[in-house]
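**Q** With the sequence up front, the predicted model follows.
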Amino acid sequence: MLGCLCHTIFGDFLKKLFNAAKEIVMSKRVLYVMDPFDHVDPQGDTTLALMWESQKRGYESFFCGIHQLGLEGANGYALCRPLAFQSTPQTRVEFEWLAEETLLFFDDFDFIWMRKDPPVNQAFITATFILDRHDPKKTLVLNNPTSMRIANEKLWAHFASDLYPRTIVSADAKQLLNAAKEMEQVVLKPIDAAGGYGIFVFSHEDKNLKSAIEVLTQRGTTPIIAQEYVKEINKGDKRVLLLGGECLGALKRLPGATDHRANLHVGGNAALTQVDERDKEIAARLKPHLEELGLHFVGFDVIGDRLTEVNVTSPTGIREINGLENRQGNSLLESLIWDYAERLKK
């Protein structure tokens, strides 16, 4: 009788121990909200590096697109699939789905990385509203979805307008043409695009300027940016990555022979560079605002010594920096980013 009782007690203990261990393992979950894998660059995509690093740390990784986010009452959820990489993503993304698509609530995850590339259109904004519906005591969302709506990448940091080239935002053709005349050479760009899309450079005497303004402003109904051309773009621009408001690393981007844009997405080339004092000065101006908004991992772009934008949606460049600086092991930027995220979660 005593033996049976002991056996029962011991069996119950083992069952509880097993369930507790299972719960601990299952609690190490991370959701990546991102573009489909066939839309990302296997060699250069930052999100893939973050996913590989989380897998090495024992997290169960889940994937979903922004169209797979939803609400049930006040609770946000994702229709997502678990996956595992077979090797470090390089020339192609080799992974396997571990299960079919399933519905998991945001609070089932330790971390959610919102890594959908712009444009910041209505679908993107809707996704951030849905991502708001998580319990911050249970789940850390990077970056803060509320703040991603606030911090427009081309407009938000103009509280420090002295850091920028001269900039006009307007839908009025007359105002834009006058600004272009005063600037002599002007850069026109849409407010909600990214990756160099829709950016044009004109002399104020260019006969195509007026027509371009009509197209970009949709005949005076949509504001655009007119920014003074910074000649140093011929030598490339610099992407500086910030983590917790501090400089994490920097990357020089050189325009191709047939394009004025240095963005890697449109054929720009990556080159080694260093964080300098001007970069640190800009970071110091941004840091208190970034910290207040919960914008932990961001990037800003500099031409010459002029700030041009602050990327808060899906900053990239860590893999290029890793390669150019021959980083390995714990010095890889994705490792430093995950160290930071785990410290925040504690």
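**A** Good, I have the coordinates.
**Q** going forward, measure contacts and count neighbours with C-alpha atoms only.
**A** Noted.
**Q** ok, now how distant is the nearest residue to Thr139 once chain neighbours are set aside from Glu60?
**A** Of all residues not flanking Thr139 in the chain, Asp110 sits nearest, at 4.7 Å (Cα to Cα, 6 or more residues apart in numbering). To Glu60, Asp110 is 10 Å away according to Cα to Cα, to the nearest Å.
**Q** How much space separates Val30 from Ala78?
**A** 12 Å.
**Q** on that earlier part again, hang on, isn't the residue nearest to Thr139 packed against Lys28?
**A** Yes. Asp110 is within contact range of Lys28, at 6.2 Å (criterion: Cα atoms under 8 Å).
**Q** before we move on, the earlier item: spit out the contact partners of the residue nearest to Thr139.
**A** Ser27, Lys28, Arg29, Val30, Lys138, Thr139, Leu140 (Cα atoms under 8 Å, 6 or more residues apart in numbering).
**Q** from these, which is closest to Asn322?
**A** Set against Asn322, the nearest of those by Cα to Cα is Val30 (23.2 Å).
**Q** what's next to the strand or helix carrying that closest one, contact-wise?
**A** Assessed by DSSP states H and E, Val30 sits inside strand 29-33. When contacts are defined by Cα under 8 Å, 6+ apart, strand 29-33 is touched by residues 51, 54, 59-66, 108-116.
**Q** hmm, back to that, for Asp110 and Glu60, list the residues in contact with both.
**A** Overlap of the contact sets of Asp110 and Glu60 (by Cα under 8 Å, 6+ apart) consists of Lys28, Arg29, Val30.
**Q** Check those against Gly299 and report the nearest one.
**A** Using Cα to Cα, Val30 is the member of those that lies nearest Gly299, at 22.3 Å.
**Q** Give me the distance between that closest one and Gly329.
**A** In this view, Val30 and Gly329 are 21 Å apart by Cα to Cα.
**Q** So for the two, which sits in the more crowded spot?
**A** A direct count of neighbours by other Cα atoms under 10 Å for Val30 and Gly329 places Val30 higher, at 25 against 8.
**Q** Three-state assignment for the closest residue to Lys280 other than its chain neighbours, please.
**A** Closest residue to Lys280 apart from its sequence neighbours, by Cα to Cα, 6+ apart: Cys247 at 6.9 Å. The three-state label given to Cys247 by DSSP: H, G, I helix; E, B strand; the rest coil is strand.
**Q** and Glu53, what is it in contact with?
**A** If a contact means Cα under 8 Å, 6+ apart, then Glu53 has Glu334, Ser335, Trp338 as its contacts.
**Q** Which of the residues you listed ranks first by neighbour count?
**A** Neighbour-wise, these (other Cα under 10 Å) top out at Glu334, 23 neighbours.
**Q** how far is the host helix or strand of that one from where the chain is centred?
**A** Assigned by DSSP H and E, Glu334 falls within helix 333-345. Taking Cα atoms, centre = their mean, to the nearest Å, one finds the center of helix 333-345 at 15 Å from the center of the full chain.
**Q** can you check stretch 220-231 too?
**A** Chain-centre distance of stretch 220-231: 23 Å, with Cα atoms, centre = their mean.
**Q** Name the residues that touch it?
**A** With contact meaning Cα under 8 Å, 6+ apart, stretch 220-231 is reached by 165-173, 176, 179-180, 183, 185-191, 201, 214, 216-217, 303-304.
**Q** Filter those down to the ones in helices?
**A** Using DSSP state H, the members of the contacts of stretch 220-231 that fall in helices are Ala173, Leu176, Ala179, Ala180, Met183, Glu214, Leu216.
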